[in-house]
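1. got a structure for you, letters missing:
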């Protein structure tokens, strides 16, 4: 053969094949190094994302606890508001009742004032009548006192012989 006489061709083919294999291995090693770097970057970013996720989850947990506390606080305030509102309504009703009673008492007091004024007017009239009766009685007593002194006439005898009207104080 041909190959026995040209071992140089075989050696050159093998060297080319060896160079191609070396180049192929070099490309694989370069790609492998790049992939390792990208893997390291991906692991680092994954770890960073995990830490951020854990931090975000703890913040969410704290915020949900804070939100629950605020919800309880708001519900407590709502409860207090409802109680105060109910108390306010009852006080308002009591105030309306008191105003109604005040109005009735005012009307009663006005009626009593009017009755008092009427009675005062009647009292004044009665006092005037009493004064008239007392003056009439005094005149009667004077006339009857004249009888005792000897000056009699028919009219005074008749007046003095009838008993004096009794004056009743009121």
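-> Received the coordinates, thanks. Predicted model, so just to flag it, every value in this text is computed and none were measured.

2. tell me where this protein has helices.
-> Along the chain, counting by DSSP state H, helices occupy 2-5, 7-148, 154-161.

3. tell me which helix or strand in the protein has the weakest average pLDDT.
-> helix 2-5 (a mean of 54; mean pLDDT, DSSP states H and E).

4. burial measure for residue 114, as a count.
-> As a burial measure, residue 114 scores 10 neighbours (other CB atoms under 10 Å). Placement of C-beta: from N, CA and C, glycine included.

5. which pLDDT does the model give residue 157?
-> Confidence at residue 157, expressed as pLDDT, is 62.

6. from residue 89, how far off is residue 78?
-> Residue 78 is 16 Å from residue 89, where distance means CB to CB, to the nearest Å.

7. I meant to write residue 67 there.
-> 32 Å.

8. cool, and residue 35?
-> Distance, residue 35 to residue 89, by CB to CB: 76 Å.

9. what's the answer for residue 123, then?
-> In terms of CB to CB, residue 123 sits 50 Å off from residue 89.

10. same deal with residue 114?
-> Counting by CB to CB, the separation of residue 114 from residue 89 is 37 Å.

11. got it, and residue 139?
-> On the measure of CB to CB, residue 139 and residue 89 end up 74 Å apart.

12. low-scoring stretches of this protein, by residue?
-> 1-5, 145-170 (pLDDT under 70).

13. and residue 137, how many neighbours?
-> Residue 137, neighbours per other CB under 10 Å, totals 14.

14. use 18 as the first number for this chain going forward.
-> In the new count, where the first residue is 18, that last one comes out as residue 154.

15. how near is it to residue 144?
-> Distance from residue 154 to residue 144, counting by CB to CB: 15 Å.

16. cool, residue 96 as well?
-> 69 Å.

17. same question, residue 24
-> From residue 24 across to residue 144, the span is 170 Å (CB to CB).

18. now residue 134
-> 15 Å.

19. next one: stretch 135-153 to chain centre, how far?
-> Taking CA atoms, centre = their mean, to the nearest Å, one finds the center of stretch 135-153 at 62 Å from the center of the full chain.

20. stretch 118-125 too?
-> 31 Å.

21. what's the answer for stretch 29-36, then?
-> 97 Å.

22. cool, stretch 41-56 as well?
-> With CA atoms, centre = their mean, you get 74 Å for stretch 41-56.

23. can you give the contact residues for that stretch?
-> Here stretch 41-56 makes contact (CB atoms under 8 Å, 6 or more residues apart in numbering) with no residue beyond itself.

24. please apply the same query to stretch 75-84.
-> So stretch 75-84 is contacted by nothing (CB under 8 Å, 6+ apart).
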